[in-house]
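**Student:** take this sequence and fold it.
(3 chains)
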Amino acid sequence: MFNRIVINCLSDISIEGSLFSGQTFRWRLIEEMPEYFVNIINSIPIIIRQLKMDIFEAYYETETTTESELSELITTYFQLELSPDNIFPEMFSRHYPEVWQKMKNYLTLRVLRQDPFETLITFMCAQGIGMQIIRRQVETISRIYGKERSVFFNGREVTLFSFPTVSALAEADPEKLSRCTNNNRTRARNIITAAGSISQGKLDFKKLQDKSIPLEELRNELCKLGGIGFKIADCIALFGLGRMDAFPIDTHVKQYLGKWFGIGADPGSLTPATYLKLDAEARTIMNPCFAGYAGHILFHCWRCEEKRLRTC
DNA sequence: CCCCAGGCTTTTC
DNA sequence: GAAAAGCATGGG
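**Tutor:** Below you'll find the model as predicted:
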């Protein structure tokens, strides 16, 4: 049995933009119910639908959770207590009016606060590969190593899979897991090793959630894991550890920094040195403590407006 | 066969 | 140390 809560936001919010902009790869639509998005978070099935610009509704199973628990979960997940007013500096719209025109429609996108482990694994699947394939990998991993969970909503059975536990992936067979990771065995092995170092306590997300840890230190800690470089580390920091100052730079970000802001226009590959240089320069045009938040909005805008790419 | 996709690792100078 | 080459896989 499902109950419903209504969430009033302090500012306009785009649910679809937030869930389908390439920060989470696990949400999907319910068949034949085009407005309803569904996922399992913290083992809790959640269905949400946008009602107005600043209002959405969330459904929860009364057997699984309570209204107050869900309300808290939603507030955290969408970072609703965060005011998006100061994401871009005051001067931004005057300095870059053309970019601002394109981008202002994307300001309702919210950067999510996701589970660190899920963020770690999903972004390990995101190297040199298209968004559709990333989504496919995450779906397959969840289907094979997660727990199946069926719910009934509006007379319809919806089958969901929770994201796998740490131990499920730590104990996975490399060969079997590689069939989930686009047949990439190196990636499969890296995922197993990463999950292993978490279950052994070598990597402790509880410690890494401490916001007083400098970004550079956090990044270096995550980079100790095989298969993780600056970019993936920054994604984990931004989307999984609530570090809005982390600014992941990939091929798209590099492109818009050059085209829109004249930063690092050289077409060469993204070496660690260029990465750090671009990172530092990007912070001069945006609010450093929200660089990652702003970057994700620009990222989504760039892909939609300039490249006409789909994220799902 | 080319290039591209939300890069990372190893080799080489 | 930092730059260059190598690596891995599917899709258009």
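
**Student:** residue A:106 against residue A:17, yeah?
**Tutor:** Yes - counting by CB atoms under 8 Å, residue A:106 sits close enough to residue A:17 to count as a contact (6.6 Å). For every residue, glycine as well, the C-beta is placed using N, CA and C.

**Student:** can you show me the strands along chain A?
**Tutor:** Under the criterion DSSP state E, chain A carries strands at the ranges A:2-8, A:28-30, A:33-41, A:44-52, A:55-61, A:148-153, A:156-161.

**Student:** mind checking which of those is nearest residue A:85?
**Tutor:** strand A:2-8 (17.3 Å; CB to CB).

**Student:** centre of the chain to that closest one, how far?
**Tutor:** 23 Å (CA atoms, centre = their mean, to the nearest Å).

**Student:** one more: stretch A:200-214?
**Tutor:** Using CA atoms, centre = their mean, the offset of stretch A:200-214 from its chain centre is 19 Å.

**Student:** which parts of it are buried?
**Tutor:** Within stretch A:200-214, the residues that count as buried by 16 or more other CB atoms under 10 Å are A:203, A:205, A:208, A:213.

**Student:** mind listing what the residue lying closest to residue A:20 once chain neighbours are set aside touches?
**Tutor:** Using CB to CB, 6 or more residues apart in numbering and skipping residues adjacent in sequence, the residue nearest residue A:20 is residue A:312, 4.8 Å away. By CB atoms under 8 Å, 6 or more residues apart in numbering, residue A:312 lies in contact with A:20, A:131, A:132, A:135.

**Student:** of those, which pair is most distant in space?
**Tutor:** A:20 and A:132 (11.8 Å).

**Student:** the more surrounded of those two?
**Tutor:** residue A:20 (22 against 13; other CB atoms under 10 Å).

**Student:** wait, the more buried one sits on residue A:29?
**Tutor:** No - Residue A:20 is not in contact with residue A:29 according to CB under 8 Å; the separation is 9.7 Å.

**Student:** okay, the most far-flung residue of chain A relative to its centre and residue A:37: tell me how far apart.
**Tutor:** Centroid-distance maximum for chain A: residue A:155 at 30.9 Å, with CA atoms, centre = their mean. Per CB to CB, to the nearest Å, residue A:155 is found 18 Å from residue A:37.

**Student:** skip the chain neighbours and tell me the closest residue to residue A:93.
**Tutor:** Nearest to residue A:93 is residue A:100, by CB to CB, 6+ apart, at 4.2 Å.

**Student:** what distance do you get for the one you found to residue A:92?
**Tutor:** Taken as CB to CB, the span from residue A:100 to residue A:92 is 7 Å.

**Student:** so what's residue A:277 up against?
**Tutor:** residue A:264.

**Student:** let me fix that: residue A:159
**Tutor:** A:148, A:149, A:150.

**Student:** thought the last one was touching residue A:157?
**Tutor:** Yep, that's residue A:150 we're talking about. Yes - in this structure, residue A:150 is within contact of residue A:157 by CB under 8 Å, at 5.7 Å.

**Student:** need the residues of the stretch 201-312 of chain A near DNA strand C, please.
**Tutor:** Contact residues, the stretch 201-312 of chain A versus DNA strand C (CB under 7 Å from any atom of the strand): A:268, A:269, A:271, A:273.

**Student:** and the residues you listed near DNA strand B, which?
**Tutor:** residue A:269.

**Student:** among the residues of the stretch 201-312 of chain A next to DNA strand C, which one lies nearest to DNA strand C?
**Tutor:** residue A:273 (3.4 Å; CB to the nearest atom of the strand).

**Student:** pull the number of nearby residues for the closest one.
**Tutor:** 8.

**Student:** quick revisit: what's the closest of the contacts of residue A:312 to residue A:43?
**Tutor:** Using CB to CB, those come closest to residue A:43 at residue A:135, 21.3 Å.
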